[in-house]
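*Asks:* Mind looking at a prediction? Sequence and model below.
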Amino acid sequence: MERGAETWHHGLIAKWWAEFNDDFRPHEIPYFQRHIERDGEPALDVACGTGRLLIPYLRAGLDLDGCDVSADMVALCREKAAREGLTPTLFVQAMHELDPPRRYRTILVCGGFGLGSTRAHDVESLRRFHDNLEPDGTLLVDIELPYADTEMWRYWLKDERVVLPEAAGRPRSLRPASDGSELGLYSRIVELDPLTQRMTYEMHAEQWRDGALEAEEDHVLHMGLYFRNELLLMLEQAGFAEVVVEGDHNDAEATSDDDFIVFIARKR
C-alpha cells in the first residue's frame, strides 16, 4: 500500500515559511490574481502554505479557500489571516485526497505539484482537481522545469551522481524571527533517479536564541520532476481540454528559455 504524501513543511521549516517566504517570487501573486478575476470565483489555493498568495487575495476581496498537506502550515496561515481580521476556510488535505467543502471556478497550484507525492498520487491529484471544478472551470498548475536548476541538473548524468548524497551541513547564516529567535536552513540533495524522475532532498533547520542552539530538526522531501509534454498528456487523461502553457508567470507562450511554466487547463 502506498504511503501518503510527505513533505518537509513542518515544525521549524513551517515557521521559516511563515516568517520569510511572503516576498518569494512576488510576480506570481498578481499573475494568479488576474486569472482568478478573469476565470471566476470561488477559487481554491491548493498547497496554500502559510498564505503567501491566499492572504493578499483575501485582502483584495476574492472568494478563496485554501488547503495544504501540512497542518503546521495551515495553522500558521490561519494565525496570519486572523491578525488581519480574515477568516478563510482552510483545511488540511493532500492533493490526491482532495475533497473540499464546495466546487470551484478556479483551482490554482503554485509551487506545490509533485512535492512529497508519488506519480500515482499526482495522476490522482489531477483527476480530483478536474472533479472539483465547476463546468468550464479552470485549473492553473505551475512547475519548475528539471533543467532550470543547474546544480540539480548535473546529477542526471551517471558520472556526476557518484558524489550523492551531498554532505550534511549546518546553516551558513541565521535570520531574525519575530519572536526574538533566529532561524537557519541548510538543504542537500540526497538522491536523484533520472529513470523515475524523482529527487530526494533533506533540509536541516535550526533555531537559535541569545547565541544558543534552542532546537534543530531534519526533514526529507521527495520531489517528482516533470517536463512539458508528459504533464500535458496527464492533464488530457484527467479530462481537461484547451490546455495553454505559458512562461514564467508572464502571460506569454512558454519557450525553452523559461525556467518555470504554467499550465492553464479548462474543464470540459
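*Replies:* Great, that's in hand.
*Asks:* which ones are touching the most centrally placed residue in the chain?
*Replies:* Nearest to the geometric centre of the chain sits Gly112, at 2.1 Å (CA atoms, centre = their mean). The contact partners of Gly112, by CB atoms under 8 Å, 6 or more residues apart in numbering, come to 46-47, 49, 95. Glycine gets a C-beta too; all of them are placed from N, C-alpha and C.
*Asks:* of all the residues you listed, which comes closest to Asp258?
*Replies:* For the contacts of Gly112, the minimum distance to Asp258 (CB to CB) is 20.8 Å, reached by Ala47.
*Asks:* count of residues packed around the closest one?
*Replies:* Neighbour count of Ala47, defined by other CB atoms under 10 Å: 23.
*Asks:* From Ala75, how far out is it?
*Replies:* 15 Å (CB to CB, to the nearest Å).
*Asks:* Check for me that Thr50 belongs to a strand.
*Replies:* No: using DSSP: H, G, I helix; E, B strand; the rest coil, the assignment for Thr50 is coil, not a strand.
*Asks:* Tell me how far it lies from Pro42.
*Replies:* 21 Å.
*Asks:* With neighbour numbers in mind, choose between the two.
*Replies:* Thr50 (28 against 18).
*Asks:* Which strand or helix spans the closest residue to that one other than its chain neighbours?
*Replies:* Closest residue to Thr50 apart from its sequence neighbours, by CB to CB, 6 or more residues apart in numbering: Ala18 at 4.1 Å. Assigned by DSSP states H and E, Ala18 belongs to helix 11-20.
*Asks:* what's that helix in contact with?
*Replies:* 9, 49-50, 52, 70, 72-73, 76-77, 79-80, 175, 177-178, 183, 185, 203, 205-207, 215-217, 219.
*Asks:* And the pLDDT at the residue nearest to Thr50?
*Replies:* What the model reports for Ala18 is a pLDDT of 95.
*Asks:* go on, Arg38?
*Replies:* 96.
*Asks:* And it, how far from Arg172?
*Replies:* For Arg38 relative to Arg172 (CB to CB), the value is 42 Å.
*Asks:* ditto for Gln237
*Replies:* With distances taken as CB to CB, Gln237 is found 43 Å from Arg172.
*Asks:* Mind listing what's buried along stretch 119-139?
*Replies:* By neighbour count with 16 or more other CB atoms under 10 Å, stretch 119-139 contains the buried residues 121-122, 124-130, 132-133, 137-139.
*Asks:* out of those residues, who's nearest Ala148?
*Replies:* Using CB to CB, the buried residues of stretch 119-139 come closest to Ala148 at Asp122, 18.8 Å.
*Asks:* about what we covered before: can you tell me the SS state at the residue nearest to the centre of the chain?
*Replies:* Applying three-state DSSP: Gly112 is coil.
*Asks:* That one and Pro146, how far apart?
*Replies:* Between Gly112 and Pro146 the distance is 16 Å, computed by CB to CB.
*Asks:* Which residue ranges of this protein form helices?
*Replies:* For the chain, applying DSSP state H gives helices covering 11-20, 28-39, 54-59, 71-83, 119-131, 150-153, 228-237.
*Asks:* So which bits of stretch 92-101 are buried?
*Replies:* 93-96, 98, 100.
*Asks:* average model confidence for that stretch?
*Replies:* On average, stretch 92-101 scores 96.
*Asks:* Show the end-to-end separation of it, please.
*Replies:* Stretch 92-101 has an end-to-end distance of 12 Å (criterion: CA to CA, to the nearest Å).
*Asks:* Run through who's touching it.
*Replies:* Here stretch 92-101 makes contact (CB under 8 Å, 6+ apart) with 4-5, 44, 46-47, 65, 67-71, 74, 89, 91, 109, 112-113, 117, 120-122, 124-125, 128-129, 132.
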